Each structure stands twice: as structure tokens, then as C-alpha cells.
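Peer 1: Curious how this folds, go ahead:
(chains A and B)
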Amino acid sequence: MDVSGILQEHKDRFRSVQVDKLVPVDFDLGHLASFDINLLDPGKLKASQKTRDAYLKEISRDGAQLMINELFSLPTVVDDDSVYAQLPKPQTTLPREKPLPKEKAETRWEKFAKIKGIQTRKHSRMVFDEESGEYKPRFGYKSAKNEEMNQWAIPVPDNADPYEDQYAKLRTEKKERVAKNDRRRQRNAEEAMATERGMKPHEMRKSQLQRALVMSKGSTASLGKFDTKLTGEPKIKGVKRKFDPLVGSADKEKSKNMDILNRVNKGEAKASLLNVRKAQRALGTNKQVQAEMNTKGKKQTKRSRK
Amino acid sequence: MLLQPKAKNARSKRFLTNRAPKVVENAKTAIFVRGSTTSQVILDTLKDLYALKKPEAINFTKKNEMHPFDDETGIEFFARKNDSSLFAVGMHSKKRPHNLILGRTFNFQIMDMIELGVERCTPMREFRTQACAIGMKPLMVFNGEAFGTDPQLVRLKSILLDFFRGEDADMVSLKGLEYVITVTAGPAGANGETGLVFFRAYTTQLKKSGVRQPRVELEEMGPALDLRVRRVRQPAEDMWKQACKVPKELKQVKVKNISRDGLGDKYGRIHLGKQDINKIQTRKVKALKKKLDDRPAKKQKTAAE
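Peer 2: The predicted structure is shown next:
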């Protein structure tokens, strides 16, 4: 039996989805985009608005048809009465809007766990407490351990001093634990900061300590002149100003000046031209000085009126 | 340098973490800014582009003194304030009539931008077709060889694609393919200068075709823009490089030694180390067994007891 006639008849009832292109069209289905490099008709594009718009619509339809053909032949997923096409990964690289997130510095525990191969596993938040026969949080507020302090009586352990206040003991123990944890947190933060700056943690601490020492030394009335010297006290070095020689190579001087001029001319971002922090400091001190001057002035005028 | 604000409560912390750099980023938001002088054409253009870009868009209704090509600080300030990385600035002057600047920022600094003269704008309201729903992902069609060869148009293509792609999606509803944006490069000028660029938006109608793929019919939705490329700021190389970095978490891990043939059968290749023949376990033969004297001392001891 020949069915080609019937098939042809069925086909003729609908308009075709076929689009012929000389050069195959590039698709980036991850971005729902297509790039067609086929030659366009320059005559029609330069013609009157009406013919141009009609031509644009025609090629747009062809482009859209090709892309929809492509999208409809992708693998699909049916979900909530709607059919979804699974898109491939985008090919065109488009830039991010912000830089990559910085990696968090590892804490001492994380480093140790990595070496030992200790893996964290999920614990349930609530734990069954046999004493009370209830589920209680594993830690923190209302946990079994925290409730110990609120009991109406605490048994005195064997060999313990009977006059010792068990409540106070628990309280101090808890405080110590919290303080210890806080110290560790601080140490981790310090070490993370040091590694971020490319220093060793103990080096950074040393330099900070030295700076603090110098500051405290200079804070006496005599600016530390009559203080007893400490062993191994760092020598205070002032900043040595460096000047270019009066007579030198003209090229160097020229290039230096041209560099400044170019930067100003180009209108480089103000932030890079100006050391904002320094400027703020200068501005702040100026304001302070001005404020002092103002108050002094006012006082003086008052006095003069008297 | 500005100091990083510190969150004082959970709500503001959530807000700040949403703005901080992420592995999978939020959809890029665009700001639409009017320059100090504007024309009706440029206002219509901005309004319609805003309508297409919604909901990831912020419209500025007041005039601002903005000249991104001369002074970047203003637009960078707005970008930072609104956490947006795309911008469209519209202005009108005698020197550059109906001027539209499209661009993007990286880390709140202008990366690249392109200045376009709007030669003709037929706004959405002049088309009688119903506009598509808000927040739909468009199909983007770029016609013309120049989009691959002309560096100015390559930039325009990249910016437009970034502008309208919306949120990254790995699935798309086949019912939701509601509109198409086509950008066509017109014929280049006599001296090889970039020709007009035609920006058109159409709504799609999917009709029965007797096969799986539907027949597509288009209806113009607007805006219809004829654009002339003016100034272009290409991105600084190192900034572009930084912006195109792919986070480690999203990089595809190369699957080694596993392949599939045309029929979908899976093949695995296993590499074994060199076999040590001396230690291999073969058939046990009594004659090859070690003699009693060679046995470990411990066993002898027990025997003595």
C-alpha cells in the first residue's frame, strides 16, 4: 500500500517548520541565543522602512524557528503539567559581576581534622535525655548540660570538699570554657589575617607588640626619655626622607613629570590619584584644629567683653 | 578605601551576604539613568528597554548629570548603591543626538560600554500586540557576519546578551518561549565603518505543524530601534580576565578512562599496577611449602610447652 500520498496530504495541511540556510547557524542554547552568519540582503536593509521591517521580520522568524526546532529536540522533563527542556551548558563566556569569593582561612581545628581525616557528620539537634525522659537540645539553651546548674540539688562527689559550692564551681567551669573558646576564635582570626597579609602569625604578633611598646614608651611626659630601657627593646627608627639628586639625568625627570601629567590628563579615577585614607586623616586633623581655634576664639571674645 | 559595613542584626547580615561575592551569582540588575538633557526618542527607548529588562531593573526617573565616557564616578556610585552591574544611560545633545549608552561594571567599576545613536525608535505603545509577561527569558537571535568580525559589534553582542539573558537556567519551559529579540547588523559603510544595527522584539506564536516542532509565527512587540554605533570602551584585559574566571566549584571535573560508544554502551579502562610474580598466590603444593625449621619462633615455643 502506498501511503506517501496520505502523508503528503497531511503535511500540506500545515505550514513547514523547515528553514533552509546556506551556512548552518550557531546555537548557544544555554543562553537561548543563536548566531547566524549567513549573508543578508543589503538592498532590502537599505530600502524603505516598510520593506526593511518586513525583511527583518522574515529573517527573525526563520532564526526563531530554527532555535525553537533545536529547543524542542532537547531532552525534556515533565513537571507540574508543564514540559521543560533541559538546556546544555552555555558556551559564550559572559563576565561575572563581582570577583570570585575569597576562600575562608582554615581554623586550627579544620587543619588538624584534614590531616587526621576526620569528617564532620550530621547530628540531630535534639537528643533524648534519659533523666528527664524528654528530648532536649544537644547544646546551648535548655540543653541537658546547661540545665545542670538550675537543679535544686547537686550531689557532692566523693573526695570533694563538702563545703565547696557546687553551683559556683559549675558556673566558673562554664565561664572558663566560654573564655577558652573565645581565645581560640581570636587566635584563629589573627592567624587568618596574618596569612592573608602573607606573614607568619608569630611575626605579625611580634611586630604588633613592638609597635604597642613603642607607642606606650612615648606616652610619658618626657616621651620616654627617662624610662628604663628594656632588654631587647626595639630601636625606634624614623622615616628617612629620600630626595632625588639636584643634578641627574634629564630623561628620568622628564618621564617622571610626564607620568604625573598623563595621569591627571587622562582623568584617572579619583580614588587611585588620591590616597583617600591619608586625605581623610588630614581633613580630620584640620577640622579638629579649626574646631579648637573656633572655641579659643569664642572664649577670648567672651573674656574681652568682660 | 571605603570601610566594609558590618551587620548589626540578622536581617542586615542576610542583606549583606546577598550582596557579597558568590559562587553562583544573582541575576544581573540594570539601572536606567537619564542624562541631564533628554529627548522623547531616548525616553521612549529607555522606558521600553526597562520594560523588557524587568524585574531585574531599576528605573531612575530624575535627571542626572552623567557622562560615563568622560567621568566614570557617577555611574559607578549608582552601581554600588543599587548593587547593579548593568547600566543604560540616555541623553540628547547637539553633538550626539539621541544617545544611548549601554555598559556593564565589574566589581562596581566600569568594564566596558558602548555608545549608540538611536536613529529611529518605534516604542512598544505603537504596536497593538499584547506585550509578553514580565520576567520571561527571551530568545536572542543575532543576524549578520559582522557580529563575529567587527570588534565593536562583538562588544555590542556580548553586552546585549548579558543585558537580556536574565537568570541562569538549566531548564526552560517550552510554553514559556514567549518572545524573541533579534539584532541584525546592517550593511557596513563604504569605508568599512560599522553599519546600522537593527534591534527588534517580537512575540512568538507556536502553531501546530504536524511534527514535534511547532511552526513559529512572529508579531512585532517593540521596541524597534535602529542604532548607530558611536564610541566603544573595550574592557581592560586583566579586568576581563578576572571577570571571566570560573569558580572551582563550577568547573566540570574531567571524567577519566570512561567512554561511551555510538550505541550508548559504557566502557571503562582500568589501570593495574605491575604484578609481582614472586608474591602471587598459585596452587598450593605440599612440596613447595616451607620446612618446619623456617617457621616463626613463636610457634616452636608453643610446641615446646
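Peer 1: Not counting sequence-adjacent ones, nearest residue to B:Pro247?
Peer 2: Here the nearest residue to B:Pro247 in space, its sequence neighbours aside, is B:Val23; by CB to CB, 6 or more residues apart in numbering or on different chains that works out to 4.7 Å. (C-beta placed from N, C-alpha, C; glycine too.)
Peer 1: Count the residues that sit near that neighbour.
Peer 2: 11 (other CB atoms under 10 Å in any protein chain shown).
Peer 1: Quick check, it in contact with B:Lys251.
Peer 2: No. Applying CB atoms under 8 Å as the test, B:Val23 and B:Lys251 come out as separate, 10.9 Å apart.
Peer 1: mind listing what's buried in stretch A:18-34?
Peer 2: Neighbour-count burial for stretch A:18-34, counted by 16 or more other CB atoms under 10 Å in any protein chain shown, picks out A:25, A:27-34.
Peer 1: Please list which of these are also close to chain B.
Peer 2: A:31-34 (CB under 8 Å from any CB of the partner chain).
Peer 1: Low-confidence ranges, the chain, go.
Peer 2: Answering for chain A, as no chain was given. Residue ranges of chain A with pLDDT under 70: A:1, A:267-273, A:284-306.
Peer 1: meant chain B actually
Peer 2: Ranges of chain B meeting pLDDT under 70: B:1-4, B:290-305.
Peer 1: List every C-alpha atom in stretch A:148-164, with coordinates, as PDB.
Peer 2: Presented in PDB, the C-alpha positions along stretch A:148-164 are these (Å, rounded to 0.1, in the frame of the first residue of the first chain):
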ATOM      1  CA  GLU A 148      22.600  21.100  85.500                       C
ATOM      2  CA  MET A 149      23.200  24.500  87.100                       C
ATOM      3  CA  ASN A 150      19.500  25.000  87.600                       C
ATOM      4  CA  GLN A 151      18.800  21.900  89.600                       C
ATOM      5  CA  TRP A 152      17.600  22.200  93.100                       C
ATOM      6  CA  ALA A 153      20.300  20.000  94.500                       C
ATOM      7  CA  ILE A 154      23.700  18.800  93.200                       C
ATOM      8  CA  PRO A 155      25.200  15.700  94.700                       C
ATOM      9  CA  VAL A 156      28.700  16.300  96.200                       C
ATOM     10  CA  PRO A 157      31.100  14.000  94.500                       C
ATOM     11  CA  ASP A 158      33.300  11.700  96.600                       C
ATOM     12  CA  ASN A 159      36.600  13.000  97.900                       C
ATOM     13  CA  ALA A 160      35.300  16.600  97.300                       C
ATOM     14  CA  ASP A 161      35.400  19.300  99.900                       C
ATOM     15  CA  PRO A 162      31.900  19.200 101.400                       C
ATOM     16  CA  TYR A 163      31.900  23.000 101.900                       C
ATOM     17  CA  GLU A 164      32.600  23.700  98.300                       C
END
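Peer 1: from the ones next to chain B among the buried residues of stretch A:18-34, which is closest to chain B?
Peer 2: A:Ala33 (4.2 Å; CB to the nearest CB).
Peer 1: Work out for me the element the residue nearest to that closest one when sequence neighbours are not counted sits within.
Peer 2: Nearest residue to A:Ala33, sequence neighbours excluded (CB to CB, 6+ apart): B:Met140, at 4.2 Å. Mapping B:Met140 onto the secondary structure by DSSP states H and E places it in strand B:139-143.
Peer 1: on that earlier part again, mind checking the SS state of the residue nearest to B:Pro247?
Peer 2: When classified by DSSP: H, G, I helix; E, B strand; the rest coil, B:Val23 comes out as coil.
Peer 1: same question, B:Leu52
Peer 2: Relying on three-state DSSP, one would call B:Leu52 helix.
Peer 1: isn't it right up against B:Ala201?
Peer 2: Yes. Contact criterion CB under 8 Å: B:Leu52 and B:Ala201 qualify, at 6.6 Å.
Peer 1: So which of these two has more stuff around it?
Peer 2: Neighbours around B:Leu52 and B:Ala201, counted as other CB under 10 Å, are more numerous at B:Ala201. The numbers are 26 against 22.
Peer 1: Wait, a strand at that one?
Peer 2: Yes. Under three-state DSSP, B:Ala201 sits within a strand.
Peer 1: Do I have it right that it meets B:Glu220?
Peer 2: Yes. Using CB under 8 Å, B:Ala201 is in contact with B:Glu220, at 7.5 Å.
Peer 1: And the strands in the stretch 51-200 of chain B?
Peer 2: Shown for the stretch 51-200 of chain B, the strands assigned by DSSP state E, counting those that start in this stretch span residues B:57-63, B:86-91, B:99-106, B:109-122, B:139-143, B:171-173, B:179-185, B:197-207.
Peer 1: Please name the strands paired to the last one in the sheet, noting orientation.
Peer 2: Partner strands for strand B:197-207, per DSSP bridges, with pairing direction: strand B:179-185 (antiparallel), strand B:215-220 (antiparallel), strand B:224-233 (antiparallel).
Peer 1: Which of the ones you listed sits closest to B:Ala243?
Peer 2: strand B:224-233 (14.4 Å; CB to CB).
Peer 1: neighbouring contacts of the closest one?
Peer 2: With contacts defined as CB atoms under 8 Å, 6 or more residues apart in numbering or on different chains, strand B:224-233 is touched by A:53, B:45, B:69, B:96, B:99-100, B:103, B:110, B:112-122, B:151-153, B:155-156, B:194, B:196-201.
Peer 1: so after it, what's the next helix or strand?
Peer 2: Defined by DSSP H and E, the subsequent element after strand B:224-233 is helix B:237-243.
Peer 1: Show me what that following helix packs onto, helices and strands only.
Peer 2: Helix B:237-243 sits against strand B:99-106, strand B:109-122, with contacts defined as 3 or more CB pairs under 8 Å, 6 or more residues apart in numbering or on different chains; DSSP states H and E.
Peer 1: Please list all residues in contact with the residue of the stretch 151-300 of chain B found nearest chain A.
Peer 2: For the stretch 151-300 of chain B, the residue closest to chain A is B:Ala243, as judged by CB to the nearest CB, at 3.4 Å. Neighbour list for B:Ala243: A:95-96, A:99, B:106, B:111, B:235 [criterion: CB under 8 Å, 6+ apart].
Peer 1: on that earlier part again, tell me which of the strands paired with strand B:197-207 sits most buried.
Peer 2: Ranked by mean neighbour count under mean count of other CB atoms under 10 Å in any protein chain shown, the strands paired with strand B:197-207 are led by strand B:179-185, which reaches a mean of 24.
Peer 1: Find the residue closest to B:Met165 in space, skipping its chain neighbours.
Peer 2: Small correction: residue B:165 is Arg, not Met. A:His31 (5.3 Å).
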